[in-house]
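[1] Below: sequence and its predicted model.
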Amino acid sequence: MTKTYLIIPFCCLYIVSMSFSPALLSSSMIALAVAALVTFSPARPWIPALDMEAFRKLIRPWQQPALGIIGLLFLLVFFSGLQGGDLHYWLGRLRIKLPLLVIPLMFIMFPRFRERQLFGLYYLLIGWMSLMCIGIGINYLFHADRIHLLIQQGQPIPTPGNHIRFSVLMAYAVVCGVYLYWKKYYWKYLWERKIILGLSIFLFLFMHLLSVRSGLVVLYSTILVMGLYYTFSTKKYVIGMVVITALISIPVLAYQLVPSFRAKIEYMKYDRWMHRHEMGALYADSGRIISLEVGYEIFKTHPWLGIGVGHIQKEVNRIFQKEHPNLPNPLMPHNQFLYVLATTGILGLMVFLTAFFFPLFYQRNYRHPMLLASYTVFVSINMLEHNLENSGGIAFYAIFLSLLLNHFHQTP
């Protein structure tokens with residue numbers, strides 16, 4: 001029995017639970033924390049003991065600065081809350097943000113993940129998301145008429161858990177599949193490479209059936225960035241032209257061939273028309289646009305230090321009630337960077353950007369294609385959502401970034 005035999009299964013459980021079960025997600029994080037604290041000696045392989053070497057790593061987080069700096073994202077919320085405001089809301093934010101502190105510290109304490117172990121977790125994500133999509137597809141076939149009606153009303157196709165988080169996981173699974181195929185990875189048999197490629201194509205196509213715009217924007221942004229990266233690093237400019245052509249033609253084909261995708265586009269056009277004519281209070285896109293306007297208004301009033309995490313909820317509610325009374329549910333700014341500006345101001349955003357982007361540039365990590373692709377996913381979804389203000393978004397960001405940074409670290 002070794003420490004790795006505990007860590008890998010709990011990582012698998014963590015990745016699987018992200019798609020459907022917040023309770024299981026929390027339990028698996030606790031299990032990973034316990035695994036970080038224990039070790040097993042060769043003399044007594046089944047009896048755990050405190051891992052003193054892991055504790056020494058924990059008290060020296062600067063030795064792995066790319067992982068250690070992520071904790072600033074938690075501390076930023078902690079210190080912002082000292083400005084006062086709604087104590088209950090601030091404590092709730094701290095609880096949700098806690099994985100941003102705990103998960104990187106756990107991965108500092110963990111042994112280094114070997115490439116095969118990391119790829120195995122990507123393989124699991126691809127297979128699990130494919131299995132979940134098969135279930136969604138079967139449900140779609142049996143209830144197609146009802147689901148099309150929901151789409152026309154602005155509702156998503158039913159998915160396990162939150163449909164936006166689910167679509168982002170699908171996009172990331174596609175990225176992982178392409179990367180594993182490019183690296184010629186297989187678990188046991190060579191023919192598994194064809195399975196990986198086939199599942200990646202299946203997930204790519206299924207995303208257009210699911211038609212969650214946030215996930216599609218993340219996917220296409222990542223394809224564009226990685227296509228350009230590959231083009232300029234290999235000087236194969238024809239590949240770049242093919243990628244750009246595909247980025248234009250595939251959505252056009254999806255609009256013609258996929259009813260759910262076409263219905264989503266038509267609803268979006270109708271929603272935008274309603275918003276332009278100031279009649280869109282009850283529609284999804286109108287609410288998102290108004291949330292951005294409200295966030296920017298709060299930032300202009302408190303530019304340097306922001307309004308404070310403890311005050312943001314009441315201030316958003318006040319502005320919505322005063323200026324947009326027809327909107328039934330006040331929304332937080334649907335952009336992570338704008339949310340940080342509104343709550344912590346320009347100074348807070350500088351801290352946030354430093355902690356967020358430092359792992360990408362530390363030791364020129366951006367040269368690694370999987371980390372560059374991961375950051376494209378992270379930035380894209382943060383532009384579309386306040387992704388680090390919910391447990392699912394934080395879990396996704398923290399685990400996949402920490403896995404890569406742990407793998408990159410070379411033990412002295």
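    Thanks, I have the structure now.

[2] low-scoring pLDDT stretches of the chain, where are they?
    For the chain, the stretches flagged by pLDDT under 70 are 1, 267-284, 410-412.

[3] Where is the longest helix in it?
    Taking DSSP state H as the criterion, the chain has its longest helix at helix 115-142.

[4] what's near enough to touch the residue nearest to G306 when sequence neighbours are not counted?
    In space, and not counting its chain neighbours, G306 is closest to G345: 3.7 Å by CB to CB, 6 or more residues apart in numbering. Placement of C-beta: from N, CA and C, glycine included. Residues near G345 by CB atoms under 8 Å, 6 or more residues apart in numbering: F299, H302, P303, W304, L305, G306.

[5] returning to what we had before: mind giving me the packing neighbours of whichever helix or strand comes after the longest helix of the chain?
    Using DSSP states H and E, the next helix or strand after helix 115-142 towards the C-terminus is helix 144-152. When contacts are defined as 3 or more CB pairs under 8 Å, 6 or more residues apart in numbering; DSSP states H and E, helix 144-152 sits against helix 259-276.

[6] so what does the following helix or strand past the helix it packs on touch, helix or strand wise?
    Counting by DSSP H and E, the next helix or strand C-terminal to helix 259-276 is helix 284-301. In terms of contacts (3+ CB pairs under 8 Å, 6+ apart), helix 284-301 is packed against helix 259-276, helix 309-323, helix 336-361.

[7] got the buried residues for helix 284-301?
    Neighbour counts using 16 or more other CB atoms under 10 Å place A284, D285, S286, G287, R288, I289, I290, S291, V294, G295, I298, F299 of helix 284-301 among the buried residues.

[8] if we can go back for a sec, most tightly surrounded among the helices and strands packed on helix 284-301?
    Among the helices and strands packed on helix 284-301, ranked by average contacts under mean count of other CB atoms under 10 Å, first place goes to helix 336-361 (a mean of 20).

[9] Between helix 309-323 and that helix, find me the angle.
    In terms of direction (axes from the mean of the first three to the mean of the last three CA atoms, to 10 degrees), helix 336-361 departs from helix 309-323 by 140 degrees.

[10] Contacts for the very next helix or strand once past helix 336-361, please.
    Proceeding N to C from helix 336-361, the next assigned helix or strand is helix 369-384, under DSSP H and E. Outside helix 369-384, the residues that touch it by CB under 8 Å, 6+ apart are 168, 171-172, 175, 179, 214, 217-218, 221-222, 225-226, 229-230, 334-337, 356-357, 359-360, 365-366, 387-388, 393, 397, 400-401, 404, 408.

[11] Give me the distance between helix 369-384 and the centre of its chain.
    Helix 369-384 sits 8 Å away from the centroid of its parent chain (CA atoms, centre = their mean, to the nearest Å).

[12] Return it as PDB; C-alpha atoms alone will do.
    Below are the C-alpha coordinates for helix 369-384, written out as PDB (Å, rounded to 0.1, in the frame of the first residue of the first chain):
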ATOM      1  CA  PRO A 369       0.300  22.800 -25.000                       C
ATOM      2  CA  MET A 370      -2.000  21.200 -22.400                       C
ATOM      3  CA  LEU A 371      -1.500  24.000 -20.000                       C
ATOM      4  CA  LEU A 372      -2.000  26.600 -22.700                       C
ATOM      5  CA  ALA A 373      -5.200  24.900 -23.800                       C
ATOM      6  CA  SER A 374      -6.400  24.700 -20.100                       C
ATOM      7  CA  TYR A 375      -5.900  28.400 -19.600                       C
ATOM      8  CA  THR A 376      -7.800  29.100 -22.800                       C
ATOM      9  CA  VAL A 377     -10.700  27.200 -21.300                       C
ATOM     10  CA  PHE A 378     -10.300  29.000 -17.900                       C
ATOM     11  CA  VAL A 379     -10.100  32.500 -19.400                       C
ATOM     12  CA  SER A 380     -13.000  31.900 -21.900                       C
ATOM     13  CA  ILE A 381     -15.400  30.700 -19.300                       C
ATOM     14  CA  ASN A 382     -14.400  33.500 -16.900                       C
ATOM     15  CA  MET A 383     -15.300  36.000 -19.600                       C
ATOM     16  CA  LEU A 384     -18.700  34.500 -20.000                       C
END
